[in-house]
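[1] Let me see the structure of the following:
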Amino acid sequence: MTQAETLKEQETSQQQASTGGPTGPRNQKRKNLRRAKIIKNIIITLVVFAILGGLTVASYFVFFKPKPVYYATSFVEILPEGMKTTVDGWGQARSVNSLEIKVPVDGTVLESYISESMMVNEGDVLCVLDQVTVDKEIERIQKIIDQLNKDIIAEQDKITKTQKDMQEVNKKQYDMQKAAMLYFPFSGKVRDVVKQNIGDKVTVGEQLATLYDDSTMILRQYFSYGYESDIKVGMTAEVSIPASMAIVSGKVSSIEKIRNIQPDGTITFEVVIKIDNPGALVKDMTATATMKSASGETILPSATGKLDYIKEQTLVSGSAGPIVTYNLHDYYEYKEGDLAVELKFEPDESAVKGYQELIKSYEATITAKNEEIITNQALIKDQEDIIPKLTVRAPMTGTVMYAACEVGKKMTKGGTICNVAEMQEMLLDGTIEQIYFSQMSVGMAVDVKFQGPNGESVVQGVVQTISLEAKNDYGWVTYPCVISIDNSTAGILPGFGLSFSAVIDYDPAPLVVPITAVKNTDKGECVFVKLEEKPANAIELGEGIVPPGFYAIPVVCGMSTYDKIQIKEGVTEGMEVFIGEVDTDPSASPSESEEPGGVIAYRG
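    Numbering: from 1, shown residues only. Presented below is the predicted three-dimensional model:
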């Protein structure tokens with residue numbers, strides 16, 4: 001019930017009392033109930049208002065009131081245990097000098113004096129092999145030499161026979177005397193004369209000139225088969241020569257019933273016309289021949305033709321030798337039977353040369369076989385030299401790393417008898433990471449670690465070489481290095497996996513701060529120092545970067561560990577430096593507010 005309803009009810013009660021309404025205990029009880037209800041409603045209203053007020057205050061403190069800012073700091077200090085930077089690497093051990101001793105020849109072990117891990121001195125007998133294989137090999141080579149001597153005798157017999165055959169050929173060659181004479185086969189002129197002089201040598205088949213008869217020219221014309229019955233041998237033709245604008249007379253000398261199809265589809269036959277040359281006609285002149293049929297019709301060819309000589313022949317030499325007579329001149333006229341060229345006959349020496357080459361080949365074979373004999377004699381000498389080597393001796397002082405010879409065992413040439421290695425000094429084939437390459441140098445001392453019988457052991461080593469050529473293994477760049485190790489007491493064996501480390505930087509008392517105190521800024525590495533007054537070496541950074549009460553000091557950093565970093569320049573011992581903002585309550589106990597490394601949280 002609201003406050004207004006309560007007041008209305010009270011007013012109604014008063015009105016009933018004034019008008020003489022019901023009274024008495026029952027009415028009084030009803031009044032008391034109403035009063036209790038009113039009081040209850042007032043209390044509930046006050047509680048609701050109290051809750052709303054509390055929520056409002058809490059929201060203010062949670063969402064609107066600014067949080068206090070706290071800073072974690074530490075101090076510039078000296079690290080008493082010192083600080084160092086090392087280069088670590090790994091690799092595999094190998095001996096400085098090792099030698100694999102091979103079997104000199106197939107054989108069986110007669111005696112053996114070695115076992116693995118034993119020490120041997122240079123010259124010690126390792127094993128003894130039998131001589132059977134060497135003897136068999138000497139016998140085999142000697143048989144080859146005997147056969148070579150037989151082959152040489154056979155080649156010498158061939159030379160004797162070939163010399164006799166060559167003498168017979170020489171006799172026949174010098175008995176043959178022929179004169180090489182070249183005559184003109186018909187009357188005519190020559191052209192394309194190859195200029196020669198008396199004494200020049202001419203070979204068989206050599207072209208000398210071209211002989212042609214231009215007293216009569218011929219013209220080949222093609223006529224349609226429609227004129228087949230009109231054209232006869234001996235028929236007169238008028239030949240038109242456009243080049244000289246002349247018309248000359250000719251006669252049909254022959255008719256060939258061929259089937260020459262012209263571009264327009266006309267099927268034609270061939271007619272050869274002879275023309276007496278008045279002296280102005282030459283080969284390849286364009287010409288056209290026309291004739292008159294019995295009915296007086298003009299017979300025309302299907303196409304123009306070209307003039308040609310009635311005879312033409314290339315003059316070639318039928319023999320070989322130097323020129324004695326040379327009667328060839330361009331465009332001279334010659335009669336049939338005239339001498340054109342006379343050659344001096346020279347005997348054919350090709351057969352003689354063939355025999356001479358054959359004799360040379362026999363002699364070369366004899367020379368080669370003699371060389372083979374010398375080679376095989378050297379092989380026998382080599383086998384004889386092997387005999388002392390069948391008693392195999394140690395070529396150096398060292399430890400037997402591997403032994404493969406036992407009495408009675410058959411050994412194969414080139415196989416391994418044993419492997420002897422010097423063990424006083426070992427080499428470590430290792431790698432250096434690219435970032436440390438410039439900090440390592442030849443002669444640098446390193447600690448070499450390995451797992452010995454009593455756990456991890458450390459021996460001293462020295463860097464011998466560092467390769468300038470990097471190895472790239474899937475983007476991981478390293479540089480090969482070789483480290484020498486004193487193995488006189490270490491007991492390192494070839495193939496051992498070893499690790500090594502070298503100190504490249506050391507400070508016995510470095511000035512350090514927590515690594516998180518160094519801030520990378522656009523002006524380089526800095527630390528934020530808490531000071532009352534601004535120091536001379538402080539620099540200005542952007543607004544809001546340096547916390548209040550602190551100053552940015554440039555520093556030069558050096559070595560570092562997982563939580564400390566060396567400061568070479570910029571700050572001094574005891575300075576308080578900023579690390580970062582924290583949410584630590586300033587009222588917390590030191591154990592609760594203390595960060596690793598002695599960092600204390602306090603209100604900024």
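[2] now the host helix or strand of Val352, how far from the centre of its chain.
    Element membership of Val352 [criterion: DSSP states H and E] is helix 350-389. In terms of C-alpha atoms, centre = their mean, to the nearest Å, the centre of helix 350-389 is found 45 Å from the chain centre.
[3] can you pull the buried residues of it?
    Residues of helix 350-389 classed as buried by neighbour count (16 or more other C-beta atoms under 10 Å): 355, 358-359, 362, 365-366, 369, 372-373, 376, 379-380, 383, 386. C-beta here means a position set from N, CA and C on the backbone, and glycine is covered the same way.
[4] How are the strands of the stretch 401-550 of the chain distributed by residue range?
    Secondary structure of the stretch 401-550 of the chain (DSSP state E, counting those that start in this stretch): strands at 410-411, 416-421, 425-433, 445-452, 455-466, 471-473, 476-486, 497-507, 511-514, 519-521, 524-530, 550-554.
[5] Tell me which of those is the most buried.
    With neighbours defined as mean count of other C-beta atoms under 10 Å, the strands of the stretch 401-550 of the chain peak in mean count at strand 511-514, which reaches a mean of 24.
[6] Dump it to PDB, keeping only the CA atoms.
    Written as PDB, here are the backbone C-alpha positions of strand 511-514 (Å, rounded to 0.1, in the frame of the first residue of the first chain):
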ATOM      1  CA  LEU A 511      78.700  -3.300 -13.800                       C
ATOM      2  CA  VAL A 512      75.200  -4.800 -14.500                       C
ATOM      3  CA  VAL A 513      71.500  -4.100 -14.400                       C
ATOM      4  CA  PRO A 514      68.500  -6.300 -14.900                       C
END
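[7] That one packs against which elements?
    On a contact count with 3 or more C-beta pairs under 8 Å, 6 or more residues apart in numbering; DSSP states H and E, strand 511-514 meets strand 70-75, strand 77-78, strand 564-569, strand 576-582.
[8] Same list (those) but as a markdown table, adding mean neighbour count and distance to Ile138.
    Below are these laid out as a markdown table (neighbours: other C-beta atoms under 10 Å; distance: least, C-beta to C-beta, whole Å):
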| stretch | mean neighbour count | distance to Ile138 |
| --- | --- | --- |
| strand 70-75 | 20 | 90 |
| strand 77-78 | 15 | 84 |
| strand 564-569 | 18 | 78 |
| strand 576-582 | 19 | 90 |
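[9] quick one: which of those strands is nearest Val194?
    For the helices and strands packed on strand 511-514, distance to Val194 was read as C-beta to C-beta. The smallest value, 98.4 Å, belongs to strand 564-569.
[10] Tell me how far that closest one lies from the chain's centre.
    47 Å.
[11] now swap in stretch 499-517 and tell me
    Offset of stretch 499-517 from its chain centre (C-alpha atoms, centre = their mean): 44 Å.
[12] What's the first helix or strand after the biggest helix by length in the chain?
    Longest helix in the chain, counting residues (DSSP state H): helix 132-175. Helices and strands here follow DSSP H and E; after helix 132-175, the next one along the chain is strand 180-183.
[13] Partner strands of that next one, with direction?
    Strand 180-183 has its sheet partners listed here by DSSP bridges as strand 339-343 (antiparallel).
[14] and the partner strand, how far out from the chain's middle?
    Remark: strand 339-343 is offset 69 Å from the chain centroid, using C-alpha atoms, centre = their mean.
[15] What of stretch 543-563?
    Distance of stretch 543-563 from its chain centroid, counting by C-alpha atoms, centre = their mean, is 50 Å.
[16] quick one: contacts of that stretch?
    With contact meaning C-beta atoms under 8 Å, 6 or more residues apart in numbering, stretch 543-563 is reached by 71, 83-85, 505, 507, 510, 514-515, 518-519, 521, 523-531, 534-535, 537-541, 565-571, 578, 581, 596-597, 604.
[17] coming back round to it: quick one: work out the angle between the helix holding Val352 and helix 132-175.
    Angle between the axes of helix 350-389 and helix 132-175 is 170 degrees (criterion: axes from the mean of the first three to the mean of the last three C-alpha atoms, to 10 degrees).
[18] Quick check: which helices or strands does helix 350-389 pack against?
    Partner elements for helix 350-389 (3+ C-beta pairs under 8 Å, 6+ apart): helix 132-175.
[19] What mean pLDDT does the helix it packs on get?
    Averaging pLDDT along helix 132-175 gives 89.
[20] tell me what it is packed against?
    Packing contacts for helix 132-175, counted by 3+ C-beta pairs under 8 Å, 6+ apart, involve strand 107-112, helix 350-389.
[21] residue contacts, Ala421?
    Applying C-beta under 8 Å, 6+ apart to Ala421 gives the contacts 95, 97-99, 398-399, 401, 494.
[22] Make a ChimeraX selection of the buried ones in those residues.
    The following ChimeraX line selects those of the contacts of Ala421 that are buried, judged by 16+ other C-beta under 10 Å:
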select :95,98,398,399,401,494
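[23] Where strands are concerned, which of the contacts of Ala421 count?
    95, 98-99, 398-399, 401 (DSSP state E).
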